[in-house]
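**Student:** generate a structure from the sequence data that follows.
(4 chains)
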There are 2 protein chains.
Amino acid sequence: MRARGARPVNEARTRTRIQRRNTGAILEAALEVFSAHGFRGATLDQIAEVAGLSKPNLLYYFPSKEAIHLELLTGLLDLWLDPLRALDPAGEPVAEILAYVRRKLELSRDFPRESRLFANEVLQGAPRLSGVIAGDLRALVDEKAGVISAWAAAGRIRPVHPRHLIFSIWALTQHYADFDVQVRLVLGPAEPDPFPEAGRHLTALFTRLLAP
Amino acid sequence: MRARGARPVNEARTRTRIQRRNTGAILEAALEVFSAHGFRGATLDQIAEVAGLSKPNLLYYFPSKEAIHLELLTGLLDLWLDPLRALDPAGEPVAEILAYVRRKLELSRDFPRESRLFANEVLQGAPRLSGVIAGDLRALVDEKAGVISAWAAAGRIRPVHPRHLIFSIWALTQHYADFDVQVRLVLGPAEPDPFPEAGRHLTALFTRLLAP
DNA sequence: GCGATGTTTGACCGGATGGTCAGGATCACG
DNA sequence: CGTGATCCTGACCATCCGGTCAAACATCGC
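**Tutor:** Model (predicted):
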């Protein structure tokens, strides 16, 4: 008999094959639905349908809608911040930053749903992420801003406000995921895939900004 | 007696003082609530409370929640596109584009709720704006892209992909409105107003990108 | 002051939605 | 094959939410 309110859990034992498959399907479906409609706009019925499960079955694996959302957000944070973590203080400055831009643009191309999930969250005031943003993210940005400042002080890149440079990279790359619909509608059917041109454009932009 | 389902309307006569005051209060309140929670996340009760009216009273002035939202979106479109319209083909190229960037950044500073309203809409796939985007907006961008291309062909700015240049301006300036929370949390309390520094950063960025 | 027009509201409705529960089906393992 | 743990579901509940309506209330021109 399960304790009141407890989840499968299995008392710290390894998770069942079925458990892994279903929680995976749920998170995949939830990503699809949350990123397209926002937290409030998504319904458990939609998620259940996409996942191919019944609604009560969702709630067998997760205690609430809120919990699914939070699990998604925190679970995807690493994927989202890894490119910045990979910025190497020992590398060649301009190449390092261009590589960061490229990796971030690849995330927008390959994981647009994840980008929109975060965008939705931050747009609504980041109620569930403000802790991480003011903590881990801020610390990471501080660290890398120091690296960029050092490069600028050494004359290896042009002087630039390091934090706003990072904001610029976020803004420019995430725009192609979050505003994908707008980008495609404005470009029209003649340019069905904006990403190659976007890559060239951003490379040129940051090269001219940073090359000493 | 009013016809079934008809709104105040007043048969094409001038609107009452009360009508103007209340529709104004409703749209102001709706902007506040829609921009903070998205369409689905906002409720008529919240809007009514912020507007200082009762829910049925809202629905006396607007036929539905949808109608309030649509009225907001279309009513604010001009404000949003005017800066790009003002780009003058006869002006000095770099100065014109920098002025556009400045005006757009001022919109982010002075009308962040409007920016978030549009961001929410486009994020969800622009269900209510795809027509305008593929029509008016695309036409406007085409026109101005032509201007920028001509400037580049004449050697008055560096060669640049004109449409992606416009996307870059949108992305960079709107980021400071849409992701305001994140920007402030990352910068910390030491830099309580990001806009002055953002202005300098973006001016430098586009100057270096465009100056021949 | 009076009728007509315009404004406001309490009470209510129907459907959607997050979540619960008791019990049945299925699986893992000895 | 039996038994305990895990997995799944139909039925149900409480609440929220967009929207309606009849009737009360205010305003205004005369």
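
**Student:** tell me the SS of A:G125?
**Tutor:** coil (DSSP: H, G, I helix; E, B strand; the rest coil).

**Student:** OK, contacts around it?
**Tutor:** A:G125 sits next to B:36, B:181 when contact means C-beta atoms under 8 Å, 6 or more residues apart in numbering or on different chains. Any C-beta I mention is one placed from the backbone N, CA and C, and that applies to glycine too.

**Student:** the one 10 residues further on now?
**Tutor:** With C-beta under 8 Å, 6+ apart as the criterion, no residue contacts A:G135.

**Student:** check what pLDDT it gets.
**Tutor:** We have a pLDDT of 95 for A:G135.

**Student:** now it: how far from A:V122?
**Tutor:** 15 Å (C-beta to C-beta, to the nearest Å).

**Student:** DNA strand C versus the residue lying closest to A:R85 once chain neighbours are set aside, what's the distance?
**Tutor:** Distances taken as C-beta to C-beta, 6 or more residues apart in numbering or on different chains place A:L140 nearest to A:R85, at 6.7 Å, with adjacent residues excluded. Per C-beta to the nearest atom of the strand, to the nearest Å, A:L140 is found 32 Å from DNA strand C.

**Student:** try A:D178
**Tutor:** Using C-beta to the nearest atom of the strand, one obtains 23 Å as the distance from A:D178 to DNA strand C.

**Student:** check whether that residue really touches A:E114, as I assumed.
**Tutor:** No: between A:D178 and A:E114 there is no contact under C-beta atoms under 8 Å: 10.7 Å.

**Student:** remind me which residues of chain A are low pLDDT?
**Tutor:** Applying pLDDT under 70 to chain A picks out residues A:1-14.

**Student:** what residues does chain A have near DNA strand C?
**Tutor:** A:16-18, A:42-45, A:55-56, A:59, A:63-66 (C-beta under 7 Å from any atom of the strand).

**Student:** could you rerun that using 6 Å?
**Tutor:** A:17, A:43-45, A:55-56, A:59, A:64-66 (C-beta under 6 Å from any atom of the strand).

**Student:** show me the contacts for the residue nearest to A:R85.
**Tutor:** Shown in contact with A:L140 (C-beta under 8 Å, 6+ apart): A:81, A:84-85.

**Student:** name the nearest of those relative to DNA strand C.
**Tutor:** Relative to DNA strand C, the closest of these is A:L81; by C-beta to the nearest atom of the strand it sits at 28.0 Å.

**Student:** list the helices and strands the helix or strand hosting that closest one packs on?
**Tutor:** Using DSSP states H and E, A:L81 maps to helix A:65-85. Contacts defined by 3 or more C-beta pairs under 8 Å, 6 or more residues apart in numbering or on different chains; DSSP states H and E place helix A:65-85 against helix A:17-41, helix A:93-110, helix A:112-123, helix A:138-153.

**Student:** buried residues in it?
**Tutor:** Using 16 or more other C-beta atoms under 10 Å in any protein chain shown as the test for burial, helix A:65-85 gives A:65, A:68-69, A:72-73, A:76-77, A:80, A:83-84.

**Student:** show me what that helix is in contact with.
**Tutor:** Contacts for helix A:65-85 (C-beta under 8 Å, 6+ apart): A:26-27, A:30-31, A:34, A:39, A:42, A:44, A:47, A:58, A:62, A:100, A:103-104, A:107, A:111, A:114, A:117-118, A:121, A:128-129, A:132, A:136-137, A:140-141, A:144, A:166.

**Student:** filter the residues you listed down to the buried ones, ChimeraX style.
**Tutor:** Of the contacts of helix A:65-85, the buried ones go into a single ChimeraX selection, burial set by 16+ other C-beta under 10 Å:
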select /A:26,27,30,31,34,39,42,44,47,58,62,100,104,107,111,114,117,118,121,129,132,137,140,141,144,166
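
**Student:** domain ranges for chain A?
**Tutor:** A:1-63, A:69-210 (automatic domain parsing).

**Student:** deepest-packed of those domains, please.
**Tutor:** Sort those by mean neighbour count, taking mean count of other C-beta atoms under 10 Å in any protein chain shown, and domain A:69-210 sits at the top with a mean of 18.

**Student:** can you give me the end-to-end span of that domain?
**Tutor:** 39 Å (C-alpha to C-alpha, to the nearest Å).

**Student:** what's near enough to touch the nearest residue to A:A42 once chain neighbours are set aside?
**Tutor:** Closest residue in space to A:A42, ignoring its immediate chain neighbours: A:V33 at 4.4 Å, by C-beta to C-beta, 6+ apart. Taking C-beta under 8 Å, 6+ apart, we find A:V33 in contact with A:42-43, A:46-47, A:50.

**Student:** just A:A51 next, same as before
**Tutor:** A:22, A:25-26, A:28-30, A:58.

**Student:** does A:P63 belong to a helix, a strand or coil?
**Tutor:** At A:P63, secondary structure determined by three-state DSSP is coil.

**Student:** that one and A:L70: what is the separation?
**Tutor:** In terms of C-beta to C-beta, A:P63 sits 10 Å off from A:L70.

**Student:** would you mind measuring from A:S115 to A:V122?
**Tutor:** According to C-beta to C-beta, A:S115 stands 11 Å off from A:V122.

**Student:** which parts of chain A sit against DNA strand D?
**Tutor:** A:8, A:10, A:16, A:18-19, A:22, A:53-54, A:56-57, A:60.

**Student:** redo the residues you listed as TSV? Include distance to A:A198.
**Tutor:** Formatted as TSV, the residues of chain A next to DNA strand D follow (distance: C-beta to C-beta, whole Å):
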residue	distance to A:A198
A:P8	44
A:N10	46
A:T16	43
A:I18	42
A:Q19	40
A:N22	37
A:L53	37
A:S54	42
A:P56	44
A:N57	41
A:Y60	43
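
**Student:** from the residues you listed, which is closest to B:A150?
**Tutor:** Within those, the smallest distance to B:A150 is 57.1 Å, found for A:L53 (C-beta to C-beta).

**Student:** ok, that closest one - contacts?
**Tutor:** A:22, A:25-26.

**Student:** just to revisit the earlier point, right, and the domains of chain A - which one's nearest B:E92?
**Tutor:** Closest among the domains of chain A, using C-beta to C-beta: domain A:69-210, at 19.5 Å.

**Student:** and the closest one, how far out from the chain middle?
**Tutor:** Taking the mean of its C-alpha atoms, domain A:69-210 sits 9 Å from the chain's own mean (C-alpha atoms, centre = their mean, to the nearest Å).
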